[in-house]
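J.: Sequence first, then the predicted structure, then my questions.
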Amino acid sequence: MSTEITHGDVHEEHHDHGPDKGLMRWVTTTNHKDIGTLYLWLAFIMLLVGGAMAMVIRLELFQPGLQWVEPQFFNQMTTLHGLIMVFGAIMPAFVGLANWLVPIMIGAPDMALPRMNNWSFWILPFAFTMLASTLFMEGGGPAFGWTFYAPLSTTFAPDSTDFFIFAVHLMGISSVMGAINVIATILNMRAPGMTLMKMPLFVWTWLITAYLLIAVMPVLAGVVTMMLTDRHFGTSFFDAAGGGDPVLFQHVFWFFGHPEVYIMILPAFGIISAIVPTFARKPLFGYSSMVYASASIALLSFMVWAHHMYTVGMPVAGELYFMYATILISVPTGVKVFNWVATMWRGSMTFETPMLWALGFIIMFTIGGFSGLMLGVAPVDTQYHDTYFVVAHFHYVLVTGALFSIIAAFYYWVPKWTGHMYDERLGKIHFWWSTISVNLLFFPQHFVGLAGMPRRIPDYSLQFAEFNAISSIGGFAFGLAQVFFLYIVIKTIRGGVKATDKVWEGATGLEFEQLPSPPPYHSFTVAPQVK
C-alpha cells in the first residue's frame, strides 16, 4: 500500500518551484486555491466596473432634468450595471469562495475536476469583455434593462444585442461547469467520517446552489436562444404579429430569474452561519433546521416566478397562488434569521470586523426581506411595480445581503488565505463607512418608490429632488468606501501581522476544538488517498 496526495498543496509547491512561474502559472493552474483567487479578483474588478456605471446613474439622478448623459446612454448604464453586478461580481465571488473553501472544509485535496475548473474561470473574462464592448458598437450597447424583456430586446434592439446573447451563453456554460464541479467534489471527496449532516453550512448551501444553477442556467440559455431566432431566423416566440406572446418571455425569463436571486443569497447564508458561531463562542443553533430551511428555499424558489408579473393581467387565481407561495418562502428564511439570533443569544460576543459585517447582513437583509414580503402581496404590488421601491428592495437583498456577506467572508478567511491579519482599525472604518453610506443610498428609494417614482428613467418630477440628492451622495460615498476596501485588500496581501494557527483564538479565548461541530477550517490536513 502506498499513500499519494494529489492536487492541493502539493500542486502549489510544483508551481512555486517549477518553470511555469509568473503569468503562465495563473493561466494554466488547476489548483483550487489559485482558481478561487482568480475568481475573487475578477469579481472585485467587475464590482468596480459595475460600480462606476452605478455612479453614472446616480450622477444623472442627482438633480431633476437631463444633465450629464443622453437618456439612451443612461439606459445602457442601468442594463450593464445590472448584468455585470449579477453575473460578474456577486456570482463569481461566491464561486471563488467555493473554490477556496469547499475542498478545505470537507478535507478534499482539490476540486474533483481541476481542468474543468480552470476552463470555467477563463471563459468569464472574455464573456465580460464582450459584454462591455457592446457599448462601443454601432447603435450602442443593450438598453433594455438587465431583465431584457421582449420586444425591447428583440424587435427594437441594436445589433450589439447578438454579442450580449453570446456573452450570456458563455456565462451560463461557466456557471454550469462550476456547479458540476462543486457537486462532484462534495458528493465524492469528503474526508472519511464526514457525513452530509456534519458538513459546514457553507458547503451545504453551495451544494444546494449548485443544483439550482444546473436547473436554471439552461432555461436562461433557452430564452436568449429564442431571442436570437426571433431576431434572425424568422420565428416569433415573443412577437404577437406572428402569433407569439411577449408575456411568454417574462414567464421563461423569471423561471430562471427567481431561482437566480436565491443562487445569489444561499451561499451568503452559509458564510453568516460560519461567522456568527465563531464570534458568539457557541455552536450554531439548529444546524439541521438550517439545512432543511436552505433546501426548502431552493425548492420554493421554482414555484414563485410569476410574482414578478402581477401586472401582466394574469387571472386572480394565478395571482392568489403566486402570492401565497411567495409569502411561504418567508418561513424558512425567518427560521434562518431566528437561528442566527438564537446563536448569538447569551453568547460571549465580540465584534471583530467579520462579525460586524455579519450583523450588518442580518439586520439589513431582514429589511430587504420585509420589503420583499410587501412586494409579494399582489394587490399592493400593482402600485409598487416598476417603481424605486423595487430597486430599494433588491439592493437591500443583494448589496447589504450578498455583497456584505462576501466582504465578511474576506475578512474572516483572509488570514487563512494569505497568512496575514488585515488591519482591524481599517476594517472597522470600512464597515461603518459602507453601512452608513449604503443606507443613505438605498433607504430614501423606498419613499420615492411608494410616492410613485418610476425606475430606469433618467428624469423625474421635482418633488423627488431631495431624496434623490441624498441617495446620490450616499452612492458616491459607498463607491469610495469600496476603493478604500481595495487598499485594505492590497495592504493585507503584501504583509501585516502574521496570522496565528488558530486565527480567531486570540480574539476569542476559546479553542475551536471545544465546539461539537466539524473541525476548524484552518486546521484541516489533506487526507491521504490510499491506493
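T.: Great, that's in hand. Numbers count the residues shown, from 1 in each chain.
J.: From now on I want contacts and neighbour counts done on CA atoms only, so please keep to that.
T.: OK.
J.: Provide a list of residue ranges in this protein with pLDDT below threshold.
T.: Scanning the chain for pLDDT under 70 picks out the ranges 1-20, 505-531.
J.: phi, psi of the residue most central in space within it?
T.: Relative to the mean C-alpha position of the chain, the nearest C-alpha, by CA atoms, centre = their mean, is the one of Ile90, at 3.1 Å. Backbone torsions of Ile90, given as degrees, to the nearest 10, read phi -70, psi -50.
J.: got it, and Arg346?
T.: Arg346 adopts backbone torsions of phi 60, psi 20, taken as degrees, to the nearest 10.
J.: What separation do you get for it and Lys336?
T.: Distance of Arg346 to Lys336, computed by CA to CA, to the nearest Å: 18 Å.
J.: Compare neighbour counts for the two and give me the winner.
T.: Shown here are Arg346 and Lys336; by other CA atoms under 10 Å, Lys336 has more neighbours (23 against 11).
J.: helix or strand for the more buried one, which one?
T.: In this structure, Lys336 is located in helix 316-344 according to DSSP states H and E.
J.: same for the helix or strand following that helix, what does it pack against?
T.: Downstream of helix 316-344, the next assigned helix or strand under DSSP H and E is helix 353-376. Counting contacts by 3 or more CA pairs under 8 Å, 6 or more residues apart in numbering; DSSP states H and E, helix 353-376 is packed against helix 266-280, helix 316-344, helix 378-384, helix 388-397, helix 404-418, helix 424-450.
J.: do you know which of the ones you listed lies nearest Gly141?
T.: helix 388-397 (21.9 Å; CA to CA).
J.: Pull that closest one out as CSV, backbone CA atoms only.
T.: Below are the C-alpha coordinates for helix 388-397, written out as CSV (Å, rounded to 0.1, in the frame of the first residue of the first chain):
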residue,chain,number,x,y,z
TYR,A,388,-37.9,52.7,-7.0
PHE,A,389,-39.4,50.7,-4.1
VAL,A,390,-38.5,47.5,-6.0
VAL,A,391,-35.0,49.0,-6.6
ALA,A,392,-34.6,49.6,-2.9
HIS,A,393,-35.9,46.1,-2.1
PHE,A,394,-33.5,44.1,-4.2
HIS,A,395,-30.5,46.3,-3.4
TYR,A,396,-31.1,45.7,0.3
VAL,A,397,-31.1,42.0,-0.5
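J.: Would you pull up how far it lies from the middle of the chain?
T.: Using CA atoms, centre = their mean, to the nearest Å, we find the averaged C-alpha position of helix 388-397 to lie 15 Å away from the chain's own average C-alpha position.
J.: For it, name the packing helices and strands.
T.: helix 353-376, helix 424-450.
J.: the inter-axis angle of the first one versus helix 388-397?
T.: Relative orientation of helix 353-376 and helix 388-397, computed by axes from the mean of the first three to the mean of the last three CA atoms, to 10 degrees: 150 degrees.
J.: what angle separates helix 353-376 from helix 266-280?
T.: 140 degrees.
J.: And for the last one?
T.: Angle of helix 424-450 versus helix 266-280, following the same axes, to 10 degrees, is 130 degrees.
J.: Just the buried positions in helix 424-450, please.
T.: In terms of neighbour count (16 or more other CA atoms under 10 Å), helix 424-450 has its buried residues at 427-428, 430-431, 433-435, 437-450.
J.: and the nearest residue to Phe166 once chain neighbours are set aside, which of the three is it?
T.: Setting aside the residues directly before and after it, Phe166 is nearest to Ala127 in space (CA to CA, 6 or more residues apart in numbering), at 7.9 Å. Remark: Ala127 carries the secondary structure label helix [criterion: DSSP: H, G, I helix; E, B strand; the rest coil].
J.: Ala127: neighbour count?
T.: Burial of Ala127 is recorded as 21 neighbouring residues (other CA under 10 Å).
J.: Give me the distance between it and Asn99.
T.: Using CA to CA, Ala127 is found at 20 Å from Asn99.
J.: likewise Met226?
T.: To Asn99, Met226 is 33 Å away according to CA to CA.
J.: And those two? Which one has more around it.
T.: Asn99 (27 against 18).
J.: Does the more buried one touch Gly36 like I think?
T.: Yes: under the criterion of CA atoms under 8 Å, Asn99 is in contact with Gly36, at a separation of 4.8 Å.
J.: can you tell me how far Tyr487 sits from Leu426?
T.: 10 Å.
J.: neighbouring contacts of stretch 81-92?
T.: Residues outside stretch 81-92 that contact it (CA atoms under 8 Å, 6 or more residues apart in numbering) are 39-40, 42-47, 49-51, 53-54, 128, 145-146, 171, 263-264, 402-403.
J.: From Val304, how far off is the residue nearest to the centre of the chain?
T.: In this structure, Ile90 lies at 22 Å from Val304, with CA to CA as the measure.
J.: How about Tyr324?
T.: According to CA to CA, Tyr324 and Val304 sit 9 Å apart.
J.: Mind checking which of the two has more residues around it?
T.: Neighbours of Tyr324 and Val304, each counted by other CA under 10 Å, are more numerous for Val304; the result is 23 against 15.
J.: Which one, of the helices and strands packed on helix 388-397, ends up nearest to Glu60?
T.: The closest approach between Glu60 and any of the helices and strands packed on helix 388-397, judged by CA to CA, belongs to helix 424-450 at 14.4 Å.
J.: residues of the longest helix along the chain that come out buried?
T.: When every helix of the chain is counted residue by residue (DSSP state H), the longest turns out to be helix 201-232. When neighbours are counted by 16+ other CA under 10 Å, the buried residues of helix 201-232 are found to be 201-214, 216-224, 226-228, 230-231.
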